[in-house]
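Peer 1: mind looking at a prediction? Sequence and model below.
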Amino acid sequence: MRMELHPISYEEKSILQHLMELYQHDMSEFEEGGDVNEHGLFGYRYIDHYWTEEGRHAYFLKADGKLAGFALVRKLEETAGEELHSSIAEFFVMRAYRGRGIGRFAAHKLFTAFPGRWKVAHLEKNHGAAAFWRSVIEASASGEVAYDIHGGMPTFTFRT
């Protein structure tokens, strides 16, 4: 299978919005209050920020040229004077592509594209995500990997 990480252009935003609905549907299993609005949509209020704010990056995951998911990355400064770090804001692999290596491929590509300090959080009840991120991060990190609660969410902190 040929795998790609493809930057999302502004013209492709509506495609990301559609995939975001699938992602949020999957995540509603793990979150309280994950309800749709009166139009039957979850909505994602930060989507435009990926084209209007510096330090935000949106990518499609592709397998053999077909959409397989997306990854949203952002650069954040935790506290004044602290080194900037990269963070996975959202990460989604469509069910048909899970377990086939596309998520691992994409995460490794992102860690390589943005070397330095990283923080990756996951929903506490999402045990599959916890196992996925632990495995991928341990294979990609250079040095120690810390795991603690940050902002109420289990979080991996590491360097690439």
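Peer 2: Happy to help now that I have it. Quantities reported herein were computed from a predicted structural model and do not represent experimental measurements. Numbers count the residues shown, from 1 in each chain.
Peer 1: what pairs with the helix or strand bottoming out on mean pLDDT in the chain, parallel or antiparallel?
Peer 2: Counting by mean pLDDT, DSSP states H and E, the chain has its least confident helix or strand at strand 146-150, which shows a mean of 91. Each strand paired with strand 146-150, and its direction, by DSSP bridges: strand 153-159 (antiparallel).
Peer 1: rewinding a little: what comes into contact with the least confident helix or strand of the chain?
Peer 2: Strand 146-150 has contacts (CB atoms under 8 Å, 6 or more residues apart in numbering) with Lys119, Ala121, Arg134, Pro154, Thr155, Phe156, Thr157, Phe158. C-beta coordinates here come from the backbone N, C-alpha and C atoms, glycine included.
Peer 1: can I get the CA coordinates of it in PDB?
Peer 2: Provided in PDB are the C-alpha atoms of strand 146-150 (Å, rounded to 0.1, in the frame of the first residue of the first chain):
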ATOM      1  CA  ALA A 146       6.800  11.100  30.100                       C
ATOM      2  CA  TYR A 147       3.200  10.200  30.600                       C
ATOM      3  CA  ASP A 148       1.000  12.300  32.900                       C
ATOM      4  CA  ILE A 149      -2.200  14.200  33.200                       C
ATOM      5  CA  HIS A 150      -2.100  17.600  31.500                       C
END
